[in-house]
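Chemist: Coordinates for the following, if possible.
(one chain, ligands or ions: 2)
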Amino acid sequence: MPTKDSHPRYKRILLKLSGEALSGEQGFGIDPKVLDRMALEIGQLVGIGVQVGLVIGGGNLFRGKSLHEAGLDRVTGDHMGMLATVMNALAMRDALERSNIRSRVMSAIPMSGIVEHYDRRSAIRYLTQGDVVIFSAGTGNPFFTTDSAACLRGIEVEAEVVLKATNVDGVYSDDPRTNPDAVKYDRLTYNEALEKQLGVMDLTAVCLVRDHNMPVRVFNMNKPGALVSLMVGGNEGTLMVEDITA
Ligand SMILES: Nc1ncnc2c1ncn2[C@@H]1O[C@H](COP(=O)(O)OP(=O)(O)OP(=O)(O)O)[C@@H](O)[C@H]1O
Ligand SMILES: O=c1ccn([C@@H]2O[C@H](COP(=O)(O)O)[C@@H](O)[C@H]2O)c(=O)[nH]1
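Modeler: Ligands and ions are numbered 1, 2, ... in the order given. Next up is the predicted model:
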């Protein structure tokens, strides 16, 4: 358990939370227990002085691709997916505020009266003053995912790392949910992830982090304490960087 005297490894992070994992065992919607546990862990990071930008996926509610496969227009489906991320963001803000953690929701799509429109300079100001900033509505454009949005916002606000908290415990040689023989990487390069087309993160997002040399760590958000452990030197999950020997 970190104390206020713990020295965090990072000053500013961009945390991407899986929307799908927010549904817990229900498989759809938001499990308040998962939400409250994540709020608690984020609060611990804030408590040791880490500035936290947050992007939450929408896979617990809607994904444009799945809606399209079910017959909807793809762009309409993507709009629904982005709106789903706003709902998740509102739920997370509520959980954070119930734990007395100051937070803001910004949206890439203007939604006056509900959330603030995304503005990079304001976001950096809020982060600097210790508020958790939840970046919602993805990039604001269809055909992207919240992985790309997380990497984009991480680069824009000059986070030191993008942490992808998901429902598997790292990047594997193949999808561990379908291939029990898949082997986990402790570290891998952006180019390896691209060449092998490893599906844990969409390739647009990997290109973006590669071009801006932004480290990404993929870890399991269902493991209590993993997030805090990462801040104090733990080695959870898989680190994706330019050069694994550096
Ligand atoms: N090589 C791989 N290594 C690890 N996971 C993989 C790999 N290939 C595919 N996956 C799958 O990627 C999934 C995680 O990424 P995905 O984008 O689906 O979820 P998420 O971003 O956590 O969720 P959401 O879209 O709801 O935010 C895992 O559930 C896993 O099954
Ligand atoms: O920039 C973006 C981000 C997201 N979307 C749509 O939202 C859903 C939910 O996001 P996930 O990353 O899958 O959790 C996504 O499937 C897209 O349909 C978008 O269009 N643009």
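Chemist: near ligand 1, which residues of this structure?
Modeler: Proximity of the chain to ligand 1 is confined to 18-20, 57, 59, 146-147, 166-168, 171-172, 174-177, 198-200 under the rule Cβ under 6 Å from any ligand atom. C-beta coordinates here come from the backbone N, C-alpha and C atoms, glycine included.
Chemist: Just the buried ones from those residues, in ChimeraX syntax?
Modeler: In ChimeraX syntax, the buried subset of the residues of the chain next to ligand 1 is picked out as below (16 or more other Cβ atoms under 10 Å):
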select :18,19,20,57,59,146,147,166,168,171,172,176,198,200
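Chemist: Any residues of the chain in contact with ligand 2? List them.
Modeler: Contact residues, the chain versus ligand 2 (Cβ under 6 Å from any ligand atom): 19, 57-59, 63-65, 77-78, 81-82, 84-85, 138-139, 141-142, 144-149.
Chemist: Report the buried members of these.
Modeler: By 16+ other Cβ under 10 Å, the residues of the chain next to ligand 2 give 19, 57-59, 63-64, 77-78, 81-82, 84-85, 138-139, 142, 144-149 as buried.
Chemist: What's the local residue count around the residue nearest to residue 10 when sequence neighbours are not counted?
Modeler: Nearest residue to residue 10, sequence neighbours excluded (Cβ to Cβ, 6 or more residues apart in numbering): residue 160, at 4.6 Å. Residue 160 has 15 neighbouring residues, counting by other Cβ atoms under 10 Å.
Chemist: Who are the contact partners of residue 160?
Modeler: Residues near residue 160 by Cβ atoms under 8 Å, 6 or more residues apart in numbering: 10, 11, 12, 13, 215.
Chemist: Give the PyMOL command for selecting the buried subset of these.
Modeler: In PyMOL syntax, the buried subset of these is picked out as below (16+ other Cβ under 10 Å):
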select buried, resi 10+12+13+215
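Chemist: out of the residues of the chain next to ligand 1, which are inside strands?
Modeler: Members of those lying in strands (criterion: DSSP state E): residue 166.
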